[in-house]
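Asker: What follows is a predicted structure for the sequence shown.
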Amino acid sequence: MIFGVVYQAPVMSPLQRQILSVAMRSGPLPRGDLATRLSSSRSRLSPEISQMLDLGVLRLGGLDESRGGRRGSLLIPGGADVGVLAGIDIDADRATVAVTTLDGTIIATEVAPITGDPEPRAVLGRTAKMLERCLPGDLGPLLSIGVSIPADIDPVTGLVESAPTMPRWLQLATAKFYAARFGVRTFVDNDVNVLALAEASCPGGDAHGRAFLVVKISSGVGCGIVVDGVVFRGSYGYAGDIGHISADPANLTLCACGNHGCLEALAAAPAIIRAANNLGAVAESSSESPPAGGPPLTMELIGRAAESGDARLAQLLREVGGHIGLVLAGLVSFFNPSCVIVTSGLAGGEGILLNAIRERIYGRTLPASSRDLKVLSSRFSGNAGGFGAAILAAQGFVGTAGPVPEARPPRR
Ligand SMILES: [Zn+2]
């Protein structure tokens, strides 16, 4: 859940932050379009825009070629000299830091592996040093920080509430650490919501439609929910936890939650890797097949081998896709999204998985709800967590990160 600390006096009015938010999402923006999107008038926006141009948070980005008559100037977000945003993505096996300008251009990035089970504060300190290296002195001030971690964050306390893949992080105040270190507002959210935010917020995000889902298959299976461009988090901040929906009640595979047949137990990366290992000596039908006795299997290796002809791994991915598709069919019937975006780390083999997901969704839903549904790979597949976290920082900076869920009511 979003949690912001260390309030920095705003340099812009609320309306100016809204203007910047639209400019960050839209690409070069005609003033008339800006007024339409904000349901405002050009005369009301004009002094605000002038002030933003003076501040440098907006720039002129050429002339509008799309209209006849007198061509107006296009507005784009300010450059790195005005200020930069930082994204920090902490996963179980690596950390990524990205620094971007207001328009989302990455100007510096650093990736470091995380091995073993290091002390969480050591990881925080290490990522802080990574960020310091990514902030050379000729840039503008750091405006805000976004942090992505594979954990649930308590929206009231900002503490890590549940972190199945990183249990040592429980009750850690990550936002507070970075906010104190860098003196800027810091926002932390779970990795799937950050990915959904990135999908919704970048230029082209509108093409996903009013309502769409983002499914991330990694150490667990999570789902980001986007409605009207905003990540929906539910009443208390924990919407989208689809990993413990039953995908096969008859399946006796035990889940970490104590139930049997959960989606996570059948379709998360550890389950896929375990099943691939159980296939024994992986078929050596292609040069891409992971060699017996070689390095441990990874999702990328499995995906590449399946794509290049390993029939048993391809069948495994179809079975996994069937499990995911069954759960998603229920969500599609309920939610009627225009698009389901999937990221799995399977490299080229993701196409096999997506076909199986599509097939199961179409077979288990009525045409009215799935006829126009698209099932797509994420454009942020792979090493994009740092970038997504920088988008979180941007959204937090302009105050459009969405409504903060309520605190839970006290127990009776
Ligand atoms: Zn479970």
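Answerer: Everything's here; your move.
Asker: Which residue does the stretch 51-200 of the chain have closest to the ion?
Answerer: Residue of the stretch 51-200 of the chain nearest the ion, by C-beta to the ion: Pro164 (9.5 Å). From N, CA and C alone the C-beta is placed, and that goes for glycine too.
Asker: Can you name the residues that contact whichever residue of the stretch 101-250 of the chain sits closest to the ion?
Answerer: Residue of the stretch 101-250 of the chain nearest the ion, by C-beta to the ion: His244 (3.6 Å). Neighbouring residues of His244 by C-beta atoms under 8 Å, 6 or more residues apart in numbering: Cys255, Cys257, Asn259, Cys262, Leu263, Glu264.
Asker: Secondary structure for the residues you listed - can I get that in JSON lines?
Answerer: Formatted as JSON lines, the contacts of His244 follow (DSSP: H, G, I helix; E, B strand; the rest coil):
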{"residue": "Cys255", "secondary structure": "coil"}
{"residue": "Cys257", "secondary structure": "coil"}
{"residue": "Asn259", "secondary structure": "coil"}
{"residue": "Cys262", "secondary structure": "strand"}
{"residue": "Leu263", "secondary structure": "helix"}
{"residue": "Glu264", "secondary structure": "helix"}
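Asker: Any part of the biggest helix by length in the chain near the ion?
Answerer: In the chain, with assignment by DSSP state H, the single longest helix is helix 311-335. No: Helix 311-335 lies out of reach of the ion by C-beta under 5 Å from the ion, never closer than 12.0 Å.
Asker: Whichever helix or strand comes after that helix pairs with which strands, parallel or anti?
Answerer: Following helix 311-335 in sequence order, the next helix or strand is strand 339-343 (DSSP states H and E). Paired neighbours of strand 339-343 in the sheet (DSSP bridges): strand 211-217 (parallel), strand 374-377 (parallel).
Asker: Packing partners of the longest helix of the chain?
Answerer: Under the contact definition 3 or more C-beta pairs under 8 Å, 6 or more residues apart in numbering; DSSP states H and E, helix 311-335 sits against strand 211-217, strand 221-227, helix 263-267, helix 269-278, helix 299-307, strand 339-343, helix 350-363, helix 367-370.
Asker: and among those, the most buried is which?
Answerer: Scoring the helices and strands packed on helix 311-335 by mean neighbour count under mean count of other C-beta atoms under 10 Å gives helix 263-267 as the most buried, with a mean of 27.
Asker: So which elements touch it?
Answerer: For helix 263-267, the packing partners by 3+ C-beta pairs under 8 Å, 6+ apart come out as strand 221-227, helix 311-335.
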